[in-house]
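In: Predicted structure and sequence below. I'll ask about it afterward.
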Amino acid sequence: MRPTSLRALASHAAGSGMLMRRWDFVAAYLQGNFQQGEVMYCHAPPGYGTVGSDGRPRICRVEKPIYGMAQAGRRWQRTLFPWLRDYGFTQSSADPCVFTLSSNGQQLILGCYVDDLFILHRESGAGSLYATFTEALAARWNVEDEGAVSDLLNVEIHRTSDHVTLSQASYIRHMVDAFS
């Protein structure tokens, strides 16, 4: 999700009274898949034995995308995004990491960032669109509800009953400390 999308979604939530929650995909990249015919190899990890019995370096075939691989994030998206579309979400043409779903007068808006879902919703009780979706999400993926959004994309998010404040004060302090 682009930073401009985060700002737009936070503004929409404040103006419409929608709640903002964050869900995390546990080990998201491992839940992705390589494309058919795509084969990846790497050197054996430390402690595994880096040299084979023939004295040559041990090379391992990678079965699942893992953190640190250049294409791992894209493989994860190619696994998650079709599932969201099949569920009924419409993908934004302005930001392909933003999805919307409306049903029976209820609406969900999702912002995807790496292994996090930023979910905007109004109703959350049993049978609500939010509850139904998050149940399906948890049935399909290893996910954790991290509660009300407090930060995303190095942006702190503070919510009151009538407005949302976005701040990067902590990030700026971190950067000043890192480069001074």
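Out: Now that the structure is in, tell me what you want to look at.

In: If we go by neighbour counts, what in the helix or strand that contains Cys112 is buried?
Out: For Cys112, the element it lies in under DSSP states H and E is strand 106-113. The neighbour-count check on strand 106-113 (16 or more other Cβ atoms under 10 Å) flags Gln107, Leu108, Ile109, Leu110, Gly111, Cys112, Tyr113 as buried. From N, CA and C alone the C-beta is placed, and that goes for glycine too.

In: Over to stretch 133-144?
Out: Neighbour counts over stretch 133-144 (16+ other Cβ under 10 Å) mark Phe133, Thr134, Leu137, Trp141, Val143 as buried.

In: In three-state terms, label the third one for me.
Out: The one in question is Leu137. helix (DSSP: H, G, I helix; E, B strand; the rest coil).

In: Does it touch Trp23 like I think?
Out: Yes - taking Cβ atoms under 8 Å as the definition, Leu137 is a contact partner of Trp23 at 6.9 Å.

In: For the residue lying closest to Ser92 once chain neighbours are set aside, what are phi and psi?
Out: The shortest distance from Ser92 to any non-neighbouring residue, by Cβ to Cβ, 6 or more residues apart in numbering, is to Val98 (4.0 Å). Here is the backbone geometry of Val98 (degrees, to the nearest 10): phi -120, psi 130.
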